[in-house]
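K.L.:
Prediction below, plus the sequence it came from.
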Amino acid sequence: MPFTAMDHDPVVGRADAELLLGLPTERLLKTMVFRNADGGFVLAALPVTGRVDYGRLARAAGTSRAKLSQAAPEDLRALGMEPGGASPVCAVPGVVVVFDVAVRQMGVVFCGSGRADRTIQVDVGHLIELVEPIFDELSR
């Protein structure tokens, strides 16, 4: 998959990405990591301005809202990721990846690499082909 990696000072959140890196808000893809009470993980990728509707995410991921909780830093480490660097790309077996339907229209995006000091620039079509996510309306 063709992509560009951008190394930089650690970034945590939208404000850092916009101010420190000068990245356009409409191209920022955030990934949120959730722990499923059944022991698995769910990754939710959506435009950085979106807010996850937990009920919709749970239904898309095939679980109940009561079983989902935001992942702790130690959970991220189990996925090979760190806070501020969550990525929609994960090689850990059994991880469920859900993209908001709006992601399809984003074109070239900037997303986490797994590290807070590296951002990936990639065409969303290539990312979708690699990840093969579930699509649903995740944003409130």
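P.N.:
Looks like it arrived, so ask away.
K.L.:
can you map out the strands along the chain?
P.N.:
Ranges of strands within the chain are 4-7, 29-36, 41-47, 68-70, 96-100, 108-112, 118-123, 134-136, based on DSSP state E.
K.L.:
Export the third one to CSV, keeping only CA atoms.
P.N.:
This means strand 41-47. The C-alpha trace of strand 41-47 is given here as CSV (Å, rounded to 0.1, in the frame of the first residue of the first chain):
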residue,chain,number,x,y,z
PHE,A,41,-10.7,-5.0,20.8
VAL,A,42,-12.7,-2.7,18.6
LEU,A,43,-11.1,0.1,16.6
ALA,A,44,-13.4,3.0,15.4
ALA,A,45,-12.1,5.3,12.7
LEU,A,46,-13.9,8.5,11.8
PRO,A,47,-13.3,12.1,10.8
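K.L.:
Give me the residue at the spatial middle of the chain.
P.N.:
Nearest to the geometric centre of the chain sits Thr31, at 1.7 Å (C-alpha atoms, centre = their mean).
K.L.:
Point out where the chain drops to low pLDDT.
P.N.:
Within the chain, the stretches with pLDDT under 70 are 13-20.
K.L.:
repeat that for 90
P.N.:
1, 8-25, 37-39, 83-84, 139-140 (pLDDT under 90).
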